[in-house]
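Asker: Here you go, sequence then predicted model.
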Amino acid sequence: MEFRKKYPSFDEAISTYTAQYGESSVSVSEPFKISETIDPVIIILGRTTPLFYHDSKRTLTGSQGTVSVKRGHVCVLGRREPPDSKLIVWSSKEESEVEHYDSRVRIIPSRIHDSSFGQRRSPVH
(Lines give C-alpha, C1' and ligand atoms only; values in the text may rest on other atoms or scores of the structure.)
Protein backbone atom coordinates (compact mmCIF):
# COMPACT_ATOMS: atom_id res chain seq x y z
CA MET A 1 0.00 0.00 0.00
CA GLU A 2 1.43 3.32 -1.03
CA PHE A 3 0.04 5.80 1.51
CA ARG A 4 1.51 8.80 -0.37
CA LYS A 5 -0.64 8.08 -3.42
CA LYS A 6 -3.80 7.22 -1.50
CA TYR A 7 -3.72 10.06 1.06
CA PRO A 8 -2.63 13.59 0.02
CA SER A 9 -2.52 14.57 3.71
CA PHE A 10 0.00 11.80 4.41
CA ASP A 11 2.12 12.86 1.42
CA GLU A 12 2.12 16.46 2.65
CA ALA A 13 2.99 15.43 6.23
CA ILE A 14 5.90 13.17 5.28
CA SER A 15 7.18 15.49 2.53
CA THR A 16 7.35 18.53 4.80
CA TYR A 17 8.82 16.50 7.67
CA THR A 18 11.62 14.96 5.59
CA ALA A 19 12.29 18.32 3.88
CA GLN A 20 12.80 19.87 7.30
CA TYR A 21 14.65 17.03 9.06
CA GLY A 22 16.10 14.91 6.22
CA GLU A 23 15.14 11.60 4.60
CA SER A 24 16.83 9.58 7.35
CA SER A 25 14.62 11.18 10.02
CA VAL A 26 11.80 8.71 9.32
CA SER A 27 12.84 5.18 10.15
CA VAL A 28 11.45 2.05 11.74
CA SER A 29 13.00 1.29 15.10
CA GLU A 30 12.99 -1.96 16.99
CA PRO A 31 9.36 -3.08 17.40
CA PHE A 32 7.82 -2.88 20.85
CA LYS A 33 5.00 -5.33 21.49
CA ILE A 34 1.88 -3.71 22.92
CA SER A 35 -0.44 -6.70 22.66
CA GLU A 36 -0.85 -9.46 25.23
CA THR A 37 -0.09 -7.03 28.08
CA ILE A 38 -2.52 -4.87 30.04
CA ASP A 39 -5.76 -3.93 28.33
CA PRO A 40 -5.95 -1.11 27.43
CA VAL A 41 -2.40 0.08 26.75
CA ILE A 42 -2.18 3.87 26.96
CA ILE A 43 0.05 5.46 24.31
CA ILE A 44 1.09 9.08 24.97
CA LEU A 45 2.16 11.16 21.96
CA GLY A 46 3.71 14.60 22.30
CA ARG A 47 3.50 14.33 26.13
CA THR A 48 -0.16 15.34 26.22
CA THR A 49 -2.07 13.27 23.64
CA PRO A 50 -3.35 9.86 24.81
CA LEU A 51 -4.49 6.97 22.63
CA PHE A 52 -5.68 3.60 23.88
CA TYR A 53 -4.88 0.24 22.35
CA HIS A 54 -7.45 -2.41 23.33
CA ASP A 55 -5.91 -5.81 22.63
CA SER A 56 -9.20 -7.58 23.39
CA LYS A 57 -10.79 -5.70 20.48
CA ARG A 58 -7.59 -5.02 18.46
CA THR A 59 -8.53 -1.33 18.27
CA LEU A 60 -6.70 1.98 18.61
CA THR A 61 -9.03 4.54 20.18
CA GLY A 62 -9.00 8.27 20.88
CA SER A 63 -11.74 10.73 21.83
CA GLN A 64 -12.55 11.38 18.15
CA GLY A 65 -12.64 7.82 16.79
CA THR A 66 -11.49 4.20 16.66
CA VAL A 67 -9.42 2.26 14.14
CA SER A 68 -9.15 -1.53 13.91
CA VAL A 69 -5.63 -2.93 13.89
CA LYS A 70 -5.92 -5.89 11.56
CA ARG A 71 -3.36 -8.61 11.06
CA GLY A 72 -0.98 -7.83 8.24
CA HIS A 73 -2.00 -4.14 8.04
CA VAL A 74 0.00 -1.05 8.95
CA CYS A 75 -1.35 2.05 10.69
CA VAL A 76 0.71 5.26 10.69
CA LEU A 77 -0.05 7.91 13.30
CA GLY A 78 0.69 11.57 12.81
CA ARG A 79 -0.83 14.94 12.15
CA ARG A 80 -1.64 16.98 9.10
CA GLU A 81 0.54 19.82 7.88
CA PRO A 82 -0.39 22.57 8.49
CA PRO A 83 -1.55 21.48 11.95
CA ASP A 84 -5.29 21.32 12.53
CA SER A 85 -5.18 19.90 16.09
CA LYS A 86 -6.23 16.41 14.93
CA LEU A 87 -4.21 13.23 15.40
CA ILE A 88 -4.65 11.09 12.30
CA VAL A 89 -4.31 7.37 11.65
CA TRP A 90 -3.57 6.46 8.05
CA SER A 91 -4.15 2.79 7.26
CA SER A 92 -4.62 0.68 4.17
CA LYS A 93 -8.38 0.99 4.75
CA GLU A 94 -8.92 4.61 5.78
CA GLU A 95 -7.71 7.96 7.04
CA SER A 96 -9.26 8.59 10.45
CA GLU A 97 -9.20 11.42 12.95
CA VAL A 98 -8.79 9.70 16.31
CA GLU A 99 -7.80 12.39 18.79
CA HIS A 100 -7.75 16.14 19.30
CA TYR A 101 -4.54 17.69 20.65
CA ASP A 102 -3.91 21.16 22.04
CA SER A 103 -1.73 22.93 19.47
CA ARG A 104 -0.98 25.70 22.00
CA VAL A 105 1.20 23.43 24.13
CA ARG A 106 4.94 23.36 23.58
CA ILE A 107 5.19 19.72 22.45
CA ILE A 108 2.67 18.33 19.99
CA PRO A 109 2.67 15.03 18.07
CA SER A 110 4.99 14.87 15.07
CA ARG A 111 3.69 14.89 11.52
CA ILE A 112 4.80 11.27 11.29
CA HIS A 113 4.87 9.99 14.84
CA ASP A 114 4.39 6.24 15.10
CA SER A 115 3.36 3.15 13.23
CA SER A 116 1.49 0.11 14.47
CA PHE A 117 1.02 -3.17 12.75
CA GLY A 118 -0.69 -6.44 13.45
CA GLN A 119 1.44 -9.47 12.73
CA ARG A 120 -0.09 -12.44 11.04
CA ARG A 121 0.01 -14.64 14.15
CA SER A 122 -1.00 -12.37 17.01
CA PRO A 123 1.24 -9.60 18.44
CA VAL A 124 0.64 -5.94 17.70
CA HIS A 125 3.68 -3.66 17.61
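Answerer: It's in.
Asker: that's a helix at F10, yeah?
Answerer: Yes: assessed with DSSP: H, G, I helix; E, B strand; the rest coil, F10 lies in a helix.
Asker: which residues touch the spatially closest residue to S56 that is not a sequence neighbour?
Answerer: Among residues not flanking S56 along the chain, D39 sits closest, at 5.2 Å (CB to CB, 6 or more residues apart in numbering). From N, CA and C alone the C-beta is placed, and that goes for glycine too. If a contact means CB atoms under 8 Å, 6 or more residues apart in numbering, then D39 has H54, D55, S56 as its contacts.
Asker: Between those residues, identify the one with the most neighbours.
Answerer: Most neighbours among the contacts of D39, by other CB atoms under 10 Å: D55, with 18 neighbours.
Asker: Hmm, it is touching K33, no?
Answerer: No: using CB atoms under 8 Å, D55 is not in contact with K33, being 10.1 Å away.
Asker: Now render the contacts of D39 as CSV, adding distance to E94, pLDDT and secondary structure.
Answerer: Output for these, formatted as CSV (distance: CB to CB, whole Å; pLDDT from 0 to 100; DSSP: H, G, I helix; E, B strand; the rest coil):
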residue, distance to E94, pLDDT, secondary structure
H54, 18, 90, strand
D55, 21, 87, coil
S56, 22, 88, coil
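Asker: Put together TSV for these, with distance to I107 on each row.
Answerer: Listed next are the contacts of D39 as TSV, based on distance: CB to CB, whole Å:
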residue	distance to I107
H54	26
D55	27
S56	31
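Asker: give the contact list for the spatially most central residue of the chain.
Answerer: In the chain, the centroid-proximal residue (CA atoms, centre = their mean) is L77; its distance is 1.5 Å. By CB under 8 Å, 6+ apart, the contact list for L77 reads L45, L51, L87, I88, V89, V98, P109, H113, D114, S115, S116.
Asker: now swap in D102 and tell me
Answerer: Contact analysis of D102 by CB under 8 Å, 6+ apart lists T48, S85, I108.
Asker: Show me how to select, in ChimeraX, the buried members of those.
Answerer: Typed into ChimeraX, the line below selects the buried ones among the contacts of D102, using 16 or more other CB atoms under 10 Å:
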select :108
